[in-house]
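> coordinates for the following, if possible.
(one chain, ligands or ions: 1)
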Amino acid sequence: MIAIVGGTGPEGSGLALRWARAGESVIIGSRDAERAKASAAKVAESVGHLGSVEGVDNVTAVKMCDTVVLTVPFAGQAELLKQLKPSFRPGTVLIDATVPLATAVGGRPTRVLGVWQGSAAEQAAELVGKNVTVAAAFHSLSSTVLHSDQPVDCDVIVCSDDERARQVASELATKIPGVRAIDGGKLENARIVEAMTALLITLNIRHKVHGAGWRVTGLGI
Ligand SMILES: NC(=O)c1ccc[n+]([C@@H]2O[C@H](COP(=O)([O-])OP(=O)(O)OC[C@H]3O[C@@H](n4cnc5c(N)ncnc54)[C@H](OP(=O)(O)O)[C@@H]3O)[C@@H](O)[C@H]2O)c1
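Next comes the predicted model:
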């Protein structure tokens, strides 16, 4: 089962939709259980009988699952993880999709903030402690594209210091038709991937689209 903390938003619900279509069991988490239930019902309706989708509060969601995906705004990431820390199962893989956009402090969505730990993902790793391993992934997947019926023409760069976390994140990425998972090395590289996502927002604005993504070439894979 995959928990998506902050799964009521466009990014989390888009991932939920894609994984439910792939037959996975998805738990949508929210600060408000009723909001999570409503969001889960919408996703379930759109996928029919394919996967199972449930909505619960964030704490219950992380207690239920060994794989947790985090899709909340950077402004709420630290406080939420502090609150959730005692509820993670030992050995949980946390996959962080947070982009530290400057909007968190009233700035532009085309800029990222400097994060003391180096990246939002490294901040997450520091906050959840050693019982939880962290991968950074899914930053490049536009919610608009995730909510469409089309294959996703985009690579997902996965960064982690832990091989199992990298593998779990990569397998989840490849469950989305069209997506290729690319090993992006250590978790510290998340700072580059997060910043590249702010560039994707610039590209969306300049080219008047909502689904800019990227493909890596020359890797022989
Ligand atoms: N949207 C995209 O296309 C996209 C693409 C790549 C990466 N991302 C990244 O993915 C993350 C989620 O994106 P999004 O567009 O789905 O964001 P969002 O709609 O702003 O937020 C997602 C969910 O997070 C919860 N939330 C909001 N503020 C919170 C806070 N202060 N503390 C705890 N929970 C809070 C809300 O759920 P409840 O109110 O139900 O708790 C909300 O529905 C962001 O970090 C974003 O940068 C987004």
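
> which residue lies nearest the spatial centre of the chain?
In the chain, the C-alpha closest to the average C-alpha coordinate belongs to Ala97, at a distance of 3.5 Å (C-alpha atoms, centre = their mean).

> in terms of helices and strands, where is the nearest residue to Val145 once chain neighbours are set aside?
Once flanking residues are discounted, Val145 sits nearest to Gly211: 4.1 Å by C-beta to C-beta, 6 or more residues apart in numbering. Every C-beta, even on glycine, is put in place using the N, C-alpha and C of the backbone. In this assignment (DSSP states H and E), Gly211 forms part of neither any helix nor any strand.

> remind me what the lengthiest helix in the chain packs against, helices and strands.
Once the chain is assigned using DSSP state H, the helix that runs over the most residues is helix 190-206. Using 3 or more C-beta pairs under 8 Å, 6 or more residues apart in numbering; DSSP states H and E as the contact test, the elements touching helix 190-206 are helix 120-128, strand 133-136, strand 154-160.

> wait, does the next helix or strand after the shortest one contact the ligand?
Reading on from strand 133-136 to the C-terminus, the next helix or strand found by DSSP H and E is helix 143-146. Yes - in this structure, helix 143-146 sits against the ligand according to C-beta under 6 Å from any ligand atom; the contacting residues are Ser143.

> what are the boundaries of the strands in this structure?
Taking DSSP state E, the strands of the chain run over residues 2-5, 25-30, 52-57, 67-70, 93-96, 133-136, 154-160, 179-183.

> right, so of those, which gets closest to the ligand?
strand 25-30 (3.2 Å; C-beta to the nearest ligand atom).

> fine by me, we can end here.
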